[in-house]
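Engineer: Return atomic coordinates for the entry below.
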Amino acid sequence: MADPLIHSPIARDTVVDTLVARLRADVLAERYAPGTLLPPERELAAGYGVTRTSLKHALVRLVEAGLLETRHGVGTRVRDYRRTAGPDLLPFLVTLDGPSWLVEIFAARREIGSLIAARAAEQAGDADRARLLALRDEIAAAPGGDPAQLAEAEVHRALAAASGNRVYELLVNSLLRAYDDVRHLFAAPFADPAAAARRITPLVEAVLAGNPTAASAYADAYYLCTERLMLGGDSDHHDARDDDRQGTADR
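Structural biologist: Residues are numbered from 1 along each chain as shown. From the prediction side, this is the model:
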């Protein structure tokens with residue numbers, strides 16, 4: 001029997017993954033300010049307790065992510081991620097500073113979601129409509145919590161697909177992935193699957209009816225309602241803005 005105190009060496013890929021995560025966090029936290037050069041590789045590798053080979057692999061991945069740029073004879077410079085990175089960086093930003101980023105993610109979720117819903121109402125085909133209805137029913141039939149929440153996420157992917165715009169699909173993926181690791185913190189709207197299905201039904205029906213104005217209004221109201229629930233608010237009381245949206249949708 002092998003000695004339990006003797007472990008196999010850590011795979012290089014594991015070291016690189018860990019190093020990428022640490023470097024990325026330090027860059028995003030501006031431990032290394034945008035526009036500045038990182039310390040020389042030998043010094044940087046020693047500071048993180050890794051080999052220069054592992055460091056080089058990690059730097060390549062952060063260059064590909066748009067966080068760094070390397071120039072021969074100059075060194076590795078920190079880039080301004082707000083100018084060079086894409087939405088795939090959002091999950092890491094949420095991990096680093098969740099509250100401030102989530103406010104903006106929820107705003108983008110509502111605004112982009114309303115646009116997507118309107119476009120889906122205009123473009124949805126029979127297969128799209130059937131998919132939306134099936135997902136609405138899947139939410140209603142799901143056990144409370146994660147299964148209902150995952151089914152609801154698929155509704156948003158289905159709406160983006162129905163819009164006919166592949167960029168919308170990628171944006172929805174990025175927004176959903178932004179808080180996927182902490183989605184258990186936002187499970188309140190899905191504790192009662194039947195209620196969750198009722199909340200999303202007006203949006204689904206507006207898309208099925210081919211009414212972009214109603215779809216946009218109901219999407220906006222839906223996102224506001226679920227956002228309040230996610231953040232601990234009371235969705236059973238609508239403010240005047242919700243009433244205005246409902247009236248717009250009904251016209």
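
Engineer: all contacts plus neighbour counts: C-alpha atoms, from now on.
Structural biologist: Fine.

Engineer: Strands along the stretch 1-150 of the chain, start to end?
Structural biologist: Remark: strands assigned in the stretch 1-150 of the chain by DSSP state E, counting those that start in this stretch are 68-71, 75-78.

Engineer: Just name the shakiest helix or strand of this protein by mean pLDDT.
Structural biologist: helix 240-250 (a mean of 44; mean pLDDT, DSSP states H and E).

Engineer: Can you give the contact residues for stretch 138-151?
Structural biologist: Outside stretch 138-151, the residues within contact range by C-alpha atoms under 8 Å, 6 or more residues apart in numbering are 135-136, 152, 184, 187-188, 190-197.

Engineer: So among those residues, where is pLDDT lowest?
Structural biologist: On pLDDT alone, residue 184 ranks lowest of the contacts of stretch 138-151, at 84.

Engineer: Roughly how far does it sit from residue 94?
Structural biologist: For residue 184, the distance to residue 94 (C-alpha to C-alpha, to the nearest Å) stands at 14 Å.

Engineer: The two - which one has more neighbours?
Structural biologist: residue 94 (18 against 13; other C-alpha atoms under 10 Å).

Engineer: where does the stretch 151-251 of the chain dip in pLDDT?
Structural biologist: Applying pLDDT under 70 to the stretch 151-251 of the chain flags the ranges 233-251.

Engineer: ranges for the helices of it?
Structural biologist: 166-178, 193-208, 212-230, 240-250 (DSSP state H, counting those that start in this stretch).

Engineer: Save these as TSV, and put in mean neighbour count and distance to residue 100 too.
Structural biologist: Below are the helices of the stretch 151-251 of the chain laid out as TSV (neighbours: other C-alpha atoms under 10 Å; distance: least, C-alpha to C-alpha, whole Å):
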stretch	mean neighbour count	distance to residue 100
helix 166-178	18	13
helix 193-208	21	26
helix 212-230	23	15
helix 240-250	14	24
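
Engineer: and the nearest residue to residue 185 once chain neighbours are set aside, what is it in contact with?
Structural biologist: Spatial nearest neighbour of residue 185, excluding adjacent residues (C-alpha to C-alpha, 6 or more residues apart in numbering): residue 230 at 7.5 Å. By C-alpha under 8 Å, 6+ apart, the residues touching residue 230 are 185, 186, 187, 188, 189.

Engineer: Narrow those to just the buried residues.
Structural biologist: Neighbour counting by 16 or more other C-alpha atoms under 10 Å classes 186, 187, 188, 189 among those as buried.
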